[in-house]
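[1] need a structure here:
(chains A and B, ligands or ions: 2)
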Amino acid sequence: MSFIHLFSRFTWGSVRLVTRGNRLYWTWIVFLLALIVWGLFAFAEQVRGGLVVTAMRDQVSWAFYIGNFTFLVGVAAAAVILVIPAYVYDWKPIRHIVVYGELLAVSAIVMCLLFVLVDIGRPDRFWHLLPPVGYLNFPDSILAWDVLVLNIYFLVNFLVVTHILYRAFTGRAYEKRLVIPLVLFSIPMAVGIHTVTAFLYNGLAARPYWNASILAPQFLASAFCSGPAILLFLLQLLRHFTRFEIPDEAIWKIAELMAYAMFLNLFLHGAEAFKEYYSGTEHLLYTRYWYQGLGEHRTLVPFAWTAVILNLVSFALFIVPAARRNPVTLNLGCLATYAGVYIEKGMGLIIPGLTPDSLGEIYQYYPTMIELRVAAGIFATGFLLFTLMLKVAVPISLGEFRLNGAPVPLSDPH
Amino acid sequence: MNQGPEQADGLSRRQVMAGAAGAAAAMILTSCGPKSLHEVPKDRLLSLVAEMEKTYKEKLGADIKVGTEPALPGVEFAYALDISRCVGCRRCVYACVEENNQSRDPQIHWIKVLSMEKEKGVDFAHAGAYYDPKEVPEDGHFYVPVACQQCRNAPCTKVCPTGATWTERDGIVVIDYDWCIGCRYCMAACPYGARHFNWTTPGLPTAEINKNTHYIGNRPRPSGVVEKCTFCIQRTRNGRYPACVEVCPAGARKFGNLLDPGSEIRYIIEHKRVLVLKEDLNTLPKFFYFYAT
Ligand code: SF4
Ligand code: SF4
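    Ligands and ions are numbered 1, 2, ... in the order given. Model prediction:
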């Protein structure tokens, strides 16, 4: 059978899969689409009026969008926490869910790129970054590095999942010689996207809050919390809505790993806070702005303490074996982790880094409705992409969507 | 000779394709293509500048002259500001706005005059740009105007992902407004708050436009790009002083060629108590502060 023919069968079958579903599925899709449209209108307003419709100004020139970008880079590495045990130790319970981690990575990177796109002043000039027509200031600019590593990471994950799924669809085993090296390569790449994204801020001597070498390890630690938190939700949903069997053991193992990551995250935060407060140099201002506020400027303080509390709660829930085995506390823990890291990366990294600004001015940033809507739209886009990919990937890995099993039997999520 | 079927009639398909691709590339590079102004050949620069002038005429209704004066050999510009003389009147701020076509609404100011407490010395954490007394100078205060420090070791140009900002041979750090993508990485990297972003289309009334401009200087900017002080490149490359030097009523501002041993700037650096801001960051500014009295 020719490749074209195979491919058209695959595409056609996928289209049929994503256009069929029960009421819950369609409610979810319509909800996401509505958010996307809502976000698009906000983005249109931003394009028309300029970034002035956001709350960013010269003093706080990066904010919510870039915070979300940073957070999602962390999520994108979630795949790795599964890949390492699955392929390196050949740990079976996790092995067949790695594909979902990689799909998550693909969706997260798409969201990352969208957040960068909406943040730049001239999205119409995006191609200026792309050689040969554009120019990429490599290796001087860390942003150039980031563009490179994010795209490579995206490609690697995309290649691996499409290959595995396509092979499963045609009823053949995946090519080990292709998949294993790529998967192994994606491990340092995942560490790479984090490190490079941390270096983006870390390398700026103008911003003492970022110019601390603890930043990159701390990024990694928090990423190993937030990424798996999303995956755990996902695995439970899959288990619930499809015939997919995911052993409890796998879920507990991931939760345990998250406890260690969260400990490390908290420890690194503590180390940084100690250094800042004990030495008490003028650089303490930024940390104080986050945890205590400066004078009457206290917008971020509630966020700071919410994040700290959420992180502590999730650590407590994951470290106690009984708590992580109980579905209620497990999910509470995931939620706490996700929210804690989201606040810490979304608001807590970028904004105190720029407040007070380099000449000592305090501009109190708080996102506008437009920013929130655009962000909601981007998250919805990511979730939509992820949902559609799952809709195809799950039946394939369950063996329900196969080339020679015509007509395609559709899994009916009850 | 063994000719394949595709080479039958003289021109091979490959040749045709290559020719077409070449033509397309040439077209892209000349007309609609990348308009990067960094080290652009002279004739191409002239045609780009003519295009800019035409666009300004259409969009802003003004006959703007976009100059292309290059850096002169043997020139490296530097600035010195006498902290003991500055009275904090902010005339330089507004002269700069007019000279360099900064947006009036919303306001963009390339120069920020910081009021500092004499007790604390040069300390940004206790400085303010929004002082508004009846009369300046205020008791117990002194003033430190800050604009781009034209760093020799400039963090802003290093971080730019597209190469849209660079240092000219005469030491002026410039921005290509047609190439900047508005990522604002340079703003995060600049330790002196010198870079300003056009958060919306600049409000620049046609009647107030300074028509004497420079292609990497004060020509009107579009929305979504970064701008900053260029040492009045349109003036200084023609042997004039920057607008702020001319307007300062206290004579606190000095400007000149660092490579000319007889220049005033050299005299100041060699004979006065000179400092640079945030010297620990090793940005090596070419903007010096000094105490003449
Ligand atoms: S003052 Fe800022 S904008 Fe000017 S050269 Fe230095 S880093 Fe760049
Ligand atoms: S905002 Fe413009 S000049 Fe600044 S780093 Fe980005 S592309 Fe370069």
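[2] going forward, measure contacts and count neighbours with C-alpha atoms only.
    Fine.
[3] OK, contacts around A:Arg402?
    A:Ala168, A:Phe169, A:Thr170, A:Gly171, A:Ile396, A:Val408 (Cα atoms under 8 Å, 6 or more residues apart in numbering or on different chains).
[4] let's see it at 6 Å
    A:Phe169 (Cα atoms under 6 Å, 6 or more residues apart in numbering or on different chains).
[5] Need phi/psi at it.
    For A:Arg402, the backbone dihedrals (degrees, to the nearest 10) come out as phi -130, psi 150.
[6] And the pLDDT for it?
    A:Arg402 is assigned 82 on the pLDDT scale.
[7] low pLDDT regions in the chain?
    Picked chain A for this. Residues of chain A meeting the criterion pLDDT under 70: A:1, A:79, A:81-82, A:85, A:87-96, A:405-414.
[8] The intended chain is chain B.
    Applying pLDDT under 70 to chain B flags residues B:1-34.
[9] longest helix of it?
    Ranked by residue count, the top helix of chain B under DSSP state H comes out as helix B:42-60.
[10] in its sheet, what does the helix or strand just after that one sit against?
    Using DSSP states H and E, the next helix or strand after helix B:42-60 towards the C-terminus is strand B:65-67. Strand B:65-67 has the following strand partners under DSSP bridges: strand B:212-214 (parallel).
[11] Show me what the helix or strand just after the partner strand packs onto, helices and strands only.
    Using DSSP H and E, the helix or strand that directly follows strand B:212-214 along the chain is strand B:226-227. If you count contacts as 3 or more Cα pairs under 6 Å, 6 or more residues apart in numbering or on different chains; DSSP states H and E, strand B:226-227 packs onto strand B:196-197.
[12] repeat that for 10 Å
    strand B:173-175, helix B:185-189, strand B:196-197 (3 or more Cα pairs under 10 Å, 6 or more residues apart in numbering or on different chains; DSSP states H and E).
[13] so B:Val226 bridges to which residues?
    Under DSSP bridges, the beta-bridge partners of B:Val226 are B:Phe197.
[14] Count the residues that sit near it.
    Residues lying near B:Val226 (other Cα atoms under 10 Å in any protein chain shown) number 26.
[15] is it true that it touches B:Asp176?
    Yes: applying Cα atoms under 10 Å as the test, B:Val226 and B:Asp176 come out as touching, 9.0 Å apart.
[16] Could you name every residue contacting both of these two?
    Contact with both B:Val226 and B:Asp176 is made by residues B:Ala164, B:Thr165, according to Cα atoms under 10 Å, 6 or more residues apart in numbering or on different chains.
[17] Around ligand 1, which positions in chain B sit nearby?
    B:148-151, B:154-156, B:173, B:190-192, B:194-195 (Cα under 6 Å from any ligand atom).
[18] mind listing the strands for the stretch 51-200 of chain B?
    Assigned by DSSP state E, counting those that start in this stretch, the strands in the stretch 51-200 of chain B fall at B:65-67, B:77-82, B:112-117, B:141-146, B:165-167, B:173-175, B:196-197.
[19] closest to B:Tyr291 out of these?
    Nearest to B:Tyr291, of all the strands of the stretch 51-200 of chain B, is strand B:77-82, at 5.5 Å by Cα to Cα.
[20] same for the closest one, what does it pack against?
    By 3+ Cα pairs under 10 Å, 6+ apart, strand B:77-82 packs against strand B:141-146, helix B:243-247, strand B:253-257, helix B:264-271, strand B:273-275, strand B:287-291.
[21] Return the list of strands paired to that strand, each annotated with direction.
    By DSSP bridges, strand B:77-82 pairs with strand B:253-257 (antiparallel), strand B:287-291 (parallel).
[22] how close does B:Arg240 sit to ligand 1?
    B:Arg240 is 21 Å from ligand 1, where distance means Cα to the nearest ligand atom, to the nearest Å.
[23] Tell me, how many residues neighbour that residue?
    For B:Arg240, using other Cα under 10 Å, the count is 15.
[24] With A:Ile193 instead?
    Around A:Ile193 there are 25 other residues, counting by other Cα under 10 Å.
[25] hang on, isn't it packed against A:Val149?
    Yes: at 5.8 Å, A:Ile193 and A:Val149 qualify as touching, with contact defined as Cα under 10 Å.
[26] Around chain B, pick out the residues from the stretch 101-250 of chain A.
    Contact residues (Cα under 10 Å from any Cα of the partner chain) of the stretch 101-250 of chain A with chain B: A:116-131, A:133-147, A:200-201, A:203-207.
[27] Let's verify A:Leu165: helix, strand, or coil?
    Of the three states, A:Leu165 takes helix under DSSP: H, G, I helix; E, B strand; the rest coil.
[28] Am I right that B:Thr68 is in contact with B:Pro41?
    No: the pair B:Thr68 / B:Pro41 is not scored as a contact, 11.5 Å apart, by Cα under 10 Å.
[29] So the two - more neighbours on which side?
    Using other Cα under 10 Å, the more surrounded residue of B:Thr68 and B:Pro41 is B:Thr68, with 17 against 9.
[30] measure the residue lying closest to A:Pro352 once chain neighbours are set aside to B:Asn218 for me?
    Closest residue to A:Pro352 apart from its sequence neighbours, by Cα to Cα, 6 or more residues apart in numbering or on different chains: A:Tyr286 at 5.3 Å. As for A:Tyr286, its distance to B:Asn218 is 35 Å (criterion: Cα to Cα, to the nearest Å).
[31] neighbour-wise, which of those two wins?
    Taking other Cα under 10 Å, A:Tyr286 and B:Asn218 do not tie; B:Asn218 has more neighbours (27 against 24).
[32] Excluding chain neighbours, give the residue nearest to the more buried one in space.
    B:Asn100 (4.6 Å).
[33] same question, A:Asn331
    A:Phe233 (7.3 Å).
[34] That neighbour: what's it in contact with?
    A:Arg239, A:Ile251, A:Leu330, A:Asn331, A:Cys334, A:Leu335.
[35] Only the buried subset of these, as a PyMOL command please.
    The following PyMOL line selects those of these that are buried, judged by 16 or more other Cα atoms under 10 Å in any protein chain shown:
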select buried, chain A and resi 251+330+331+334+335
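[36] And what about the residue in the stretch 201-350 of chain A positioned nearest to ligand 2, helix, strand or coil?
    Going by Cα to the nearest ligand atom, ligand 2 is nearest to A:Leu204 of the stretch 201-350 of chain A, at 12.6 Å. Following three-state DSSP, A:Leu204 is assigned to coil.
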